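In: Structure for the following, please:
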Amino acid sequence: MSPQKTLKERLFHALLFEFIALAICAPTLAWLMDQPLAHMGVLTLMFSLVATLWNMVYNSLFDRVQRRLGFVRTLPVRILHASLFEAGLVIMLVPLAAWWLNVSLLEALILDIGLLLFFLPYTVVFNWVYDTLRARMVERPALKGIAS
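Out: This next block holds a predicted model:
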């Protein structure tokens, strides 16, 4: 099992995740909803700030549960991880979207379902790639020490 992540690394992980998502979502949502890019960009940024904080809290709690229970992050565990993360976001973001776009909660939920269809696979793939690259970077210094 790789070393525990520092607060600095958790912040980097969350910001990288959100930056890539912002670059994809803001222009896409503006185009799909026929809204000004600035208006959708602010909504996307608000979503990103909420999601970044949730990402850091949720992943810290998930890591704690993983250390306590000792499970491996297999594909089914990663899918569960992403699903629970997104469920928490739905609870937080639907009211925000309804308010910002001046639409009903149902309309905001439909928008959020669309985002969920993007973010579920994005979350699984992003974290899998991040963890894989992180493991290689963490193991590399350890292997140099063993080889000397």
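
In: Now for residue 33, how many residues are close by?
Out: Residue 33 has 14 neighbouring residues, counting by other C-beta atoms under 10 Å. Where C-beta positions appear, they are placed from N, C-alpha and C, glycine not excepted.

In: Tell me who's in contact with the residue nearest to it when sequence neighbours are not counted.
Out: Distances taken as C-beta to C-beta, 6 or more residues apart in numbering put residue 40 closest to residue 33, at 6.6 Å, once the chain neighbours are dropped. Under the criterion of C-beta atoms under 8 Å, 6 or more residues apart in numbering, the contact list for residue 40 reads 26, 29-30, 33.

In: what does residue 11 give?
Out: Under the criterion of C-beta under 8 Å, 6+ apart, the neighbours of residue 11 are residue 56.

In: what helix or strand is the residue nearest to residue 33 on?
Out: Residue 40 is located in helix 37-69, with elements delineated by DSSP states H and E.

In: name the helices or strands packed onto the helix or strand just after that helix?
Out: Going down the chain from helix 37-69, the next helix or strand is helix 75-101, by DSSP H and E. Using 3 or more C-beta pairs under 8 Å, 6 or more residues apart in numbering; DSSP states H and E as the contact definition, the elements that helix 75-101 packs against are helix 37-69, helix 105-147.

In: mean confidence for the first one?
Out: Same thing as helix 37-69. The average of the pLDDT scores along helix 37-69 is 91.

In: Buried ones in that helix, by neighbour count?
Out: In terms of neighbour count (16 or more other C-beta atoms under 10 Å), helix 37-69 has its buried residues at 40-41, 43-44, 47-48, 50-52, 54-56, 58-59, 62.

In: what's the closest of those to residue 115?
Out: If you rank the buried residues of helix 37-69 by distance to residue 115 using C-beta to C-beta, residue 47 comes first, at 7.9 Å.

In: quick one: the closest one from residue 4, how far?
Out: Distance, residue 47 to residue 4, using C-beta to C-beta, to the nearest Å: 28 Å.
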